[in-house]
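*Asks:* can't give you the sequence, but here's the structure:
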């Protein structure tokens, strides 16, 4: 769903599907494009092993049963998926490459776990991959690519899904950390030492390898929303989750 009426274009959705089409052929399974209309997608769902959706997702803050995937002419809601039953076939994977497919906005419904991911699981999918909040259009391509490559390399086993997503998360996390370290290095080169007291207090703290001064407990687990961090790139790999056996 690169172009969905009434929504912003997703410029990388077609690229995502094109890459996955090639990977699927190597698994080997035959990819089928059912079109972008609700009735055709619903008709195809019970007959295939993998359902991959690349498009817009919406979380209803009042009625979780109305949270939905947006298609060309309508929506596919949580309620619709819960009415479907293909547990006898137990299709392998639903990959919901959309925003907030596992999100619950109203705290009253947290214990009930009613969202698109759980709906797919209850309908019969062995595995479901989705997201806990908004995701980046371009990054979705890399997450899907590495995950499906893991499934391909391990032969569509149950562990291939969780390990594939784990590998994708680690690769994108490592890339994020590397880019952040490079940005911090640039900041350090541009900064100056201004406190004699600080210099005195840090004289006995050294790196074991090269003797460089280090900040004590210098890891920060959260990024403050201020001017010092305007250039920080968000950790876009975090919201992806796997539900399944």
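*Replies:* Looks like it came in fine. All figures in this text were calculated on a predicted structure; none of them were measured in a lab.
*Asks:* okay, CA-based contacts and neighbour counts for the rest of this
*Replies:* OK.
*Asks:* Off-centre distance for the helix ranked longest in the chain?
*Replies:* In the chain, with assignment by DSSP state H, the single longest helix is helix 158-190. Relative to the chain's own centre, helix 158-190 is displaced by 14 Å; criterion: C-alpha atoms, centre = their mean, to the nearest Å.
*Asks:* Please point out which parts of that helix sit buried.
*Replies:* 158, 160-169, 171-173, 176, 180 (16 or more other C-alpha atoms under 10 Å).
*Asks:* And stretch 107-121, by the same measure?
*Replies:* 114-121.
*Asks:* Turn those into JSON lines, including secondary structure.
*Replies:* Listed next are the buried residues of stretch 107-121 as JSON lines, based on DSSP: H, G, I helix; E, B strand; the rest coil:
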{"residue": "114", "secondary structure": "coil"}
{"residue": "115", "secondary structure": "coil"}
{"residue": "116", "secondary structure": "helix"}
{"residue": "117", "secondary structure": "helix"}
{"residue": "118", "secondary structure": "helix"}
{"residue": "119", "secondary structure": "helix"}
{"residue": "120", "secondary structure": "helix"}
{"residue": "121", "secondary structure": "helix"}
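*Asks:* still on that earlier bit, just give me the closest of the buried residues of helix 158-190 to residue 80.
*Replies:* residue 161 (25.0 Å; C-alpha to C-alpha).
*Asks:* and the nearest residue to that closest one once chain neighbours are set aside, how far is that from residue 167?
*Replies:* In space, and not counting its chain neighbours, residue 161 is closest to residue 151: 5.8 Å by C-alpha to C-alpha, 6 or more residues apart in numbering. As for residue 151, its distance to residue 167 is 11 Å (criterion: C-alpha to C-alpha, to the nearest Å).
*Asks:* thinking again about what came up before, name the helices or strands packed onto the longest helix of the chain?
*Replies:* helix 137-154, strand 240-244 (3 or more C-alpha pairs under 8 Å, 6 or more residues apart in numbering; DSSP states H and E).
*Asks:* Make TSV from the ones you listed and add distance to residue 16 and mean neighbour count to it.
*Replies:* Output for the helices and strands packed on helix 158-190, formatted as TSV (distance: least, C-alpha to C-alpha, whole Å; neighbours: other C-alpha atoms under 10 Å):
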stretch	distance to residue 16	mean neighbour count
helix 137-154	5	20
strand 240-244	16	19
